[in-house]
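S.K.: This is the structure alone, sequence omitted:
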């Protein structure tokens, strides 16, 4: 809707121009001839000022927005609201690494492996989220795996000899606590049966972070039925007290 002031100004300009033409061109009996000389001068002055501003006004007005128009009340539906800030997931690439004196890299180890899926009954409540807080991976290069974090801390990267994938430990499971078994993530139930139970040669590319593992587990140790969490946490703390994590002389493994 146009501004009322602008509408009145436009009306007066048109009225003034018509009045001037009428007074100079003919002797009419319309209401325009009733304008006094003072009125005529006032209308002419308004018309003169408006003609000067018209070019600037035309440049300033675009997309049907009227310069000087009062701001409309904001549409509460259209107001852009700030996005909700969720707790950031653990970024595995930024997890600090712990030197582990007794766990060498790039050496072949035979490890028992099984498979799991987020579609299993006991995993449905977690969806596609891993214990580290990121989405479980099943890509053409990087895939997720679960393990006992006191054995393979979060962020541990490894390959299975003969397969073209890199696996990252970003999950854990109650059945894995206290074992060396690694659970390979599959996006469907059929993949679990296809994998079965395999003893495979793995090569650790980089050990993850016991510090980050402890931090995550410590925040969950009071959860009911989380015995596996408390067991992993106790094992990591025992390794820390023994000097195993730092590789200091005299330190032994748990």
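M.R.: Done, it's in. In this text the structure is predicted, and so the values were computed from the model without any measurement.
S.K.: All the helices of this protein, in order from the start?
M.R.: Remark: helices assigned in the chain by DSSP state H are 4-25, 37-60, 189-195, 210-218, 227-242.
S.K.: helices and strands of this structure: which one bottoms out on pLDDT?
M.R.: helix 4-25 (a mean of 45; mean pLDDT, DSSP states H and E).
S.K.: Please parse this protein into its domains.
M.R.: Following automatic domain parsing, one gets these domains for the chain: 4-60, 92-242.
S.K.: Next one: the closest residue to residue 116 other than its chain neighbours from residue 104, what distance?
M.R.: Among residues not flanking residue 116 along the chain, residue 183 sits closest, at 4.8 Å (Cβ to Cβ, 6 or more residues apart in numbering). Glycine gets a C-beta too; all of them are placed from N, C-alpha and C. From residue 183 across to residue 104, the span is 23 Å (Cβ to Cβ, to the nearest Å).
S.K.: And the two? Which one has more around it.
M.R.: Neighbour tally, residue 183 and residue 104, criterion other Cβ atoms under 10 Å: the higher count belongs to residue 183, 24 against 10.
S.K.: returning to that earlier point: mean pLDDT lowest for which of the domains of the chain?
M.R.: The stretch with the lowest mean pLDDT among the domains of the chain is domain 4-60, at a mean of 47.
S.K.: for residue 202, what are its contacts?
M.R.: Residue 202 sits next to 108, 109, 110, 111, 158, 159, 160, 161, 182 when contact means Cβ atoms under 8 Å, 6 or more residues apart in numbering.
S.K.: Weed out the non-buried ones from the residues you listed.
M.R.: Buried members of the contacts of residue 202, scored by 16 or more other Cβ atoms under 10 Å, are 111, 158, 159, 160, 182.
S.K.: hey, what's the closest residue to the first one other than its chain neighbours bridged with?
M.R.: Here the nearest residue to residue 111 in space, its sequence neighbours aside, is residue 202; by Cβ to Cβ, 6+ apart that works out to 5.0 Å. Partner residues in beta bridges with residue 202: residue 109, residue 160, with DSSP bridges as the criterion.
S.K.: now residue 202: how far from residue 129?
M.R.: 25 Å.
S.K.: Going along the chain, name the strands of the stretch 101-250 of the chain.
M.R.: Secondary structure of the stretch 101-250 of the chain by DSSP state E, counting those that start in this stretch: the strands cover 108-116, 142-146, 157-160, 166-171, 182-185, 198-206.
S.K.: Can you redo those strands as CSV, where the extra columns are distance to residue 233?
M.R.: CSV is the format used below for the strands of the stretch 101-250 of the chain (distance: least, Cβ to Cβ, whole Å):
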stretch, distance to residue 233
strand 108-116, 22
strand 142-146, 16
strand 157-160, 22
strand 166-171, 16
strand 182-185, 19
strand 198-206, 22
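S.K.: Out of the ones you listed, which gets nearest to residue 218?
M.R.: strand 166-171 (17.5 Å; Cβ to Cβ).
S.K.: Quick one: residues in contact with the closest one.
M.R.: Contacts of strand 166-171 (Cβ under 8 Å, 6+ apart): 90, 92, 130-132, 134, 136-137, 141-147, 149, 152-160, 182-185, 205, 208.
S.K.: Which residues in stretch 238-245 does the neighbour count mark as buried?
M.R.: Those would be 239, 240, 244, 245, for stretch 238-245 by 16+ other Cβ under 10 Å.
S.K.: got a markdown table for those residues, with distance to residue 119 too?
M.R.: Formatted as a markdown table, the buried residues of stretch 238-245 follow (distance: Cβ to Cβ, whole Å):
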| residue | distance to residue 119 |
| --- | --- |
| 239 | 34 |
| 240 | 36 |
| 244 | 37 |
| 245 | 36 |
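S.K.: I'm done for today, thanks for sticking with me.
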